[in-house]
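J.: The sequence and its predicted three-dimensional model are supplied below.
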Amino acid sequence: MKQTYKNPLVTVDIIIEIENKIILIERANPPYGWALPGGFVDYGEALESAAIREAKEETSLEVLLEEQFHTYSDPGRDPRHHAITTVFIGKGMGVPKPADDAKQLGMFSKHRLPAPIVFDHQEIISDYFRYKDGSSKQEIGIRKEKLENK
């Protein structure tokens, strides 16, 4: 009997900074709500290339990646399937316009975020703002209670 393997899907998300705000998109497809720009990595594509491509496809912006922020791997982070995302921080250049599967987009500050925010993007955004406020990268995204329960 042939065995079928199920592997997690690989995705990227991008925190695009413009004028001390971040870009979020309102999704045109389920799950509906606001999200970081991002998507699936194509076969043969580097994570960095996928992040730049997804940012351009969804926001019409050229993005200069500044750093790899964190990887999020909780199997329940995406209600559709097990997806692992690597999050990048980058600077956006140009005029943001929604495209691809983005219904609309907006520029948001820490204290003025839209709702609802889908997937685990509220956690990612909170981690990002803590990081920008001075928390160490090692503290970001580590959820001891999740690890202890495994």
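T.: Everything's here; your move.
J.: all strands for this structure, in order.
T.: For the chain, the strands defined by DSSP state E cover 9-18, 21-27, 34-35, 38-40, 62-72, 83-93, 102-108.
J.: Next, the angle strand 21-27 makes with the fifth one.
T.: Read it as strand 62-72. When axes from the mean of the first three to the mean of the last three C-alpha atoms, to 10 degrees is applied, the directions of strand 62-72 and strand 21-27 differ by 80 degrees.
J.: Name every strand pairing with strand 62-72 and say which way it goes.
T.: strand 83-93 (antiparallel) (DSSP bridges).
J.: Enumerate the positions of the strand it pairs with that are buried.
T.: Judged by neighbour count (16 or more other C-beta atoms under 10 Å), strand 83-93 contains these buried residues: 83-90, 92. For glycine as for every other residue, the C-beta is placed from the backbone atoms N, C-alpha and C.
J.: Out of these, flag the one nearest to S109.
T.: G92 (14.9 Å; C-beta to C-beta).
J.: If that closest one is in a bridge, with which residues?
T.: On the basis of DSSP bridges, G92 is bridged to V63.
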